[in-house]
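[1] below are the sequence and a predicted model; questions follow.
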Amino acid sequence: QVQLVESGGGSVQPGGSLRLSCTTSDMSKSHFMAWFRQAPGKEHEGVAFIYTGGSSTYYADSVKGRFTISQDNVKNTVYLQMNNLKPEDTAMYYCAAGPDVGSCTNYWGSGTQVTVSS
């Protein structure tokens, strides 16, 4: 069983920045990793995806140009740098991983809360 541990959430004012981290216990089963988010009353949304074997990335339109997903394969960690945060970015953020693109949600972290408010 792969374990994903997230960190880095918190509260920030609009326009601020946060960096989330997700460390996997088994990179060989985490070739595709992603960040999802869910706000109260809203659907689960895929925010950013990365192929850790080659660093290809994909972003939802709602975060494109503001969020950056990156990896450190030495630390088995994927990061989500979030800049110019907006109140609508407030949500619980979850890390997901899997061995291929069709199963990139095989494993889930427990989530980290991001709150953007003035």
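    Everything's here; your move. Residues are numbered from 1 along each chain as shown.
[2] what's across from the residue positioned nearest the centre of the chain in the sheet?
    Most central in the chain under C-alpha atoms, centre = their mean is Trp35, positioned 2.6 Å from the mean C-alpha point. Note on Trp35: beta-bridge partners by DSSP bridges are Ala48, Cys95.
[3] on the pLDDT front, check it for me.
    At Trp35, the pLDDT value in this model is 97.
[4] for it, list the residues it contacts.
    With contact taken as C-beta atoms under 8 Å, 6 or more residues apart in numbering, Trp35 is in contact with 20, 22, 46-49, 69, 78, 80, 93-96. For the C-beta atoms, the positions are set from N, CA and C on the backbone; glycine is no exception.
[5] repeat for Ser25
    Neighbours of Ser25 in contact, by C-beta under 8 Å, 6+ apart: 2-4, 76.
[6] how close does it sit to Ala97?
    Using C-beta to C-beta, to the nearest Å, one obtains 10 Å as the distance from Ser25 to Ala97.
[7] could the contacts of Trp35 go into JSON lines alongside neighbour count?
    Listed next are those as JSON lines, based on neighbours: other C-beta atoms under 10 Å:
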{"residue": "Leu20", "neighbour count": "25"}
{"residue": "Cys22", "neighbour count": "27"}
{"residue": "Gly46", "neighbour count": "15"}
{"residue": "Val47", "neighbour count": "22"}
{"residue": "Ala48", "neighbour count": "24"}
{"residue": "Phe49", "neighbour count": "20"}
{"residue": "Ile69", "neighbour count": "22"}
{"residue": "Val78", "neighbour count": "28"}
{"residue": "Leu80", "neighbour count": "27"}
{"residue": "Tyr93", "neighbour count": "23"}
{"residue": "Tyr94", "neighbour count": "22"}
{"residue": "Cys95", "neighbour count": "27"}
{"residue": "Ala96", "neighbour count": "21"}
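[8] what's the closest of the residues you listed to Tyr107?
    Nearest to Tyr107 among the contacts of Trp35 is Ala96, at 6.6 Å by C-beta to C-beta.
[9] the closest one reaches Tyr107, doesn't it?
    Yes. If you go by C-beta atoms under 8 Å, Ala96 and Tyr107 touch, sitting 6.6 Å apart.
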